[in-house]
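> next comes the sequence, and after it the predicted model I'd like to discuss.
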Amino acid sequence: MAFIGAKPTNVPLTASDITDGSISVAKLTSALDLSSNTVTLPSGVGGKVLQVVQVSYTTETAIASTSFTDTGLTASITPSSSSNKILINVALQYTAYRDSNNPVVSHAKILRGSTDIFENSEFIGSQVGTGNSGYQQIYGTVPLVYLDSPSTTSSTAYKVQVQNNTTSGNRQIKINHGSNSTSTMTLLEVSA
């Protein structure tokens, strides 16, 4: 006769415990004791989202430097395991100003602390109108997505920087220009 259970108390299976060759859930629940044992899950069960942190940032920030400059958009998360990954999703709202002959060319990047971990290619929006003195106003959203492996259980800070490659004349970039402009950063801890 087959038995199920943890020693010293074995629980015998009866015909009523087995239906179509399977042990009933009720029998397993009442008889299977795993409290002093380690259960190893099969491979391929990782990838669950364990926690989510989202930050919204509305402060207007002018970027008028050819060096990468903090936008003010930052967020922190504390991973529960050093083997877990952090999925970073950024939606950066920007407005750029250029004259008719000189487009604004910019780059954005994500940093973990002071370490560069991801940089996008150049971005630029589409013309939406003409500003003062004949300058064109351009706006758009820069999406940044990166899966990071911080390998730590300490609080980990991420931030976004932007570089303005064409600062001559009156060309400039503003993050969150306008009363309803909001940039966001979402951090998701994903199990290994």
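Arrived safely. Because the structure is a prediction, the values reported are computed rather than measured.

> tell me how many other residues crowd Leu144.
19 (other Cβ atoms under 10 Å). Using the backbone N, CA and C atoms, a C-beta is placed for each residue, glycine as well.

> going forward, count from 50.
With the count now opening at 50, the last piece we talked about shows up as Leu193.

> surely it touches Phe167?
Yes. Here Leu193 reaches Phe167: they are 6.6 Å apart, a contact under Cβ atoms under 8 Å.

> which residues do the two both contact?
Common neighbours of Leu193 and Phe167, using Cβ atoms under 8 Å, 6 or more residues apart in numbering, are Ile137, Lys158, Ile159.

> C-terminal to the lowest-mean-pLDDT helix or strand in the chain, which secondary structure element comes first?
When the helices and strands of the chain are scored by mean pLDDT, DSSP states H and E, strand 175-179 comes last with a mean of 46. Using DSSP states H and E, the helix or strand that follows strand 175-179 in sequence is strand 185-197.

> go through the helix or strand following that next one and flag the buried ones.
Later in the chain than strand 185-197, the nearest helix or strand by DSSP H and E is strand 205-213. Buried residues in strand 205-213, counted by 16 or more other Cβ atoms under 10 Å: Thr205, Tyr207, Lys208, Val209, Gln210, Val211, Gln212, Asn213.

> got a list of contacts for strand 205-213?
Strand 205-213 is contacted by residues 112-120, 122-128, 135, 137, 139, 141, 143, 153, 155-162, 193, 197, 199, 220-222, 224, 232, 234, 236 when judged by Cβ under 8 Å, 6+ apart.
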